[in-house]
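Enquirer: what's the 3D shape of this:
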Amino acid sequence: MSPTFRSLHNPNYRRYAAGGVVSNTGTWMQRVAQDWLVLQLTAGSGAAVGITTGLQFLPFLLLSPLAGLVADRIPKRRLLQLTNVGMAVPAVVLGLLAVTGVAQTWHVYVLALVLGTASAFDAPARQSFVSELVDADDLTNAVGLNSASFNAARIVGPAVAGILIAALGGGVVATGWVILVNAVSYVAPVLSLRSLDARLLHSPELVRREPGQIRAGLAYVRGRPDLMLVMAIVFFAGTFGLNFQLTSALMATETFDKGATEYGLLGTFMAVGSLTGSLVAARRVRVRHRLIVLAALTFAVLEMIAGAMPTYLTFALMTPLLGLSALTMITAANSFVQLHTDPGMRGRVMALYMMIFIGGTPLGAPLIGWIGEVAGPRWTLWIGGAATAVGVLAASAFYLRTRPAPEPETVTLPTAPAGVPVGR
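Expert: I've put the predicted structure just below:
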């Protein structure tokens, strides 16, 4: 088997990945449909789209430490089945509200928050579960393949959503049918989890209930300058730079005067670059700080350049480069954190990672949306890229100045602690 796809020799991983492709495709369909629904209900309000995105990711900011502890205490296979059901329920409700024509903006806000709550408990369990599926020497490969699966769905999902919405009339009812498709897609990961061979899982011993376990996870990360640097980088990128749902919607509709199909295609074009980055990452055997920093800075510069593109076509041509640089950064950061974390701390550390990475969205998305309304969509990209670049440079300078001694920058998989993967 090609080194790029070597984790697929594992039957449990194959089943898990197959369910993930179906669910991820539905998720990307709903992301496009949900944003288009908000734009329809609010007559094109960028701030409303930003609020919706912020509410969906707010639980990552508030609940991630608890979610990480739950992931260390409960069998992850069982927990993931529950979280998938928990994400399907708000999708069913929102889809029915839209299809029946009674959806209102506050409905979207509330259900985005509910969906985000289930997602906050899903993320650390899903990421740390992969270490139970594959051996240590396949971990970096599995990180890349998980991201590739996510971005293959990202290629298909937005395009299908845009085409379906346009074919069904482009209004509120059309978005509802697309959201209902996502609700059905959650059946796939539930069935794939049930089909796994428990004898082949590498399940760690569950963490016992003791006081101070969340504080112990925070103290562990505070004492690791290498992990702190990575988390600072993903905070700035996730908060200010990676608001593609919002910025693409505003650029497509306001700057270039395009419709749902063209908006959906922007996500697909970006995912082409993301998929390429994921497959390249799957072949990588070393994870370095330098790669994370350079990829983050490259992404920031490309985002600012994209904001200056004069036409829809030139902007669309920039999106694969944005996807490639973003996924290189995300996959390298994710791999680094997992491969450098003790197994007993992995659920809590990955939850903290997700809280910082995705939890910054409730802070950044409404701000970026407001900037888009006040100054124009191009400024969402210019300011987002500039803030990312400044944050990455500041975090890197602080790390170099304060680290007590040179840290090893690479990890060779055969000697690495067991870890886990996944992209945003």
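Enquirer: what is the burial count for Gly223?
Expert: Here the number of neighbours of Gly223 (other C-beta atoms under 10 Å) works out to 9. (Glycine included, C-beta is placed from N, CA and C.)
Enquirer: repeat for the one 3 residues further on
Expert: Other residues within reach of Asp226 by the criterion other C-beta under 10 Å amount to 16.
Enquirer: the helices in the stretch 101-250 of the chain, which residues?
Expert: 105-133, 139-167, 172-185, 187-194, 213-222, 225-236, 244-250 (DSSP state H, counting those that start in this stretch).
Enquirer: would you mind confirming that Asp197 is in contact with Asn12?
Expert: Yes: shown here, Asp197 and Asn12 form a contact pair, counting by C-beta atoms under 8 Å, at 5.9 Å.
Enquirer: and those two? which has more neighbours close in?
Expert: Asn12 (20 against 9).
Enquirer: can you give me phi and psi for that one?
Expert: The phi and psi values for Asn12, taken as degrees, to the nearest 10, are phi -60, psi -40.
Enquirer: give me the angle between the helix or strand bottoming out on mean pLDDT in the chain and helix 172-185.
Expert: Within the chain, no helix or strand scores below helix 260-283, which has a mean of 76 by mean pLDDT, DSSP states H and E. Put simply, helix 260-283 runs at 30 degrees to helix 172-185, going by axes from the mean of the first three to the mean of the last three C-alpha atoms, to 10 degrees.
Enquirer: average model confidence for the helix or strand that helix 260-283 is followed by?
Expert: Going down the chain from helix 260-283, the next helix or strand is helix 289-306, by DSSP states H and E. Averaging pLDDT along helix 289-306 gives 92.
Enquirer: average model confidence for the helix or strand just after helix 289-306?
Expert: Using DSSP H and E, the helix or strand that follows helix 289-306 in sequence is helix 312-339. For helix 312-339, mean pLDDT rounds to 87.
Enquirer: return the distance of helix 312-339 from the chain's centre.
Expert: Put simply, helix 312-339 sits 11 Å off its chain's centre (C-alpha atoms, centre = their mean, to the nearest Å).
Enquirer: the least confident helix or strand of the chain to helix 289-306, inter-axis angle?
Expert: Going by the same axes, to 10 degrees, helix 260-283 makes 160 degrees with helix 289-306.
Enquirer: does Leu8 touch Ala17 like I think?
Expert: Yes: judged on C-beta under 8 Å, Leu8 makes contact with Ala17 at a distance of 7.2 Å.
Enquirer: can I get stretch 227-235 in CSV? Just the C-alpha atoms.
Expert: Written as CSV, here are the backbone C-alpha positions of stretch 227-235 (Å, rounded to 0.1, in the frame of the first residue of the first chain):
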residue,chain,number,x,y,z
LEU,A,227,2.9,23.2,23.5
MET,A,228,2.2,26.8,24.6
LEU,A,229,3.8,28.1,21.4
VAL,A,230,1.6,25.9,19.2
MET,A,231,-1.5,26.8,21.0
ALA,A,232,-0.7,30.5,20.7
ILE,A,233,-0.3,30.2,17.0
VAL,A,234,-3.6,28.3,16.4
PHE,A,235,-5.4,30.8,18.7
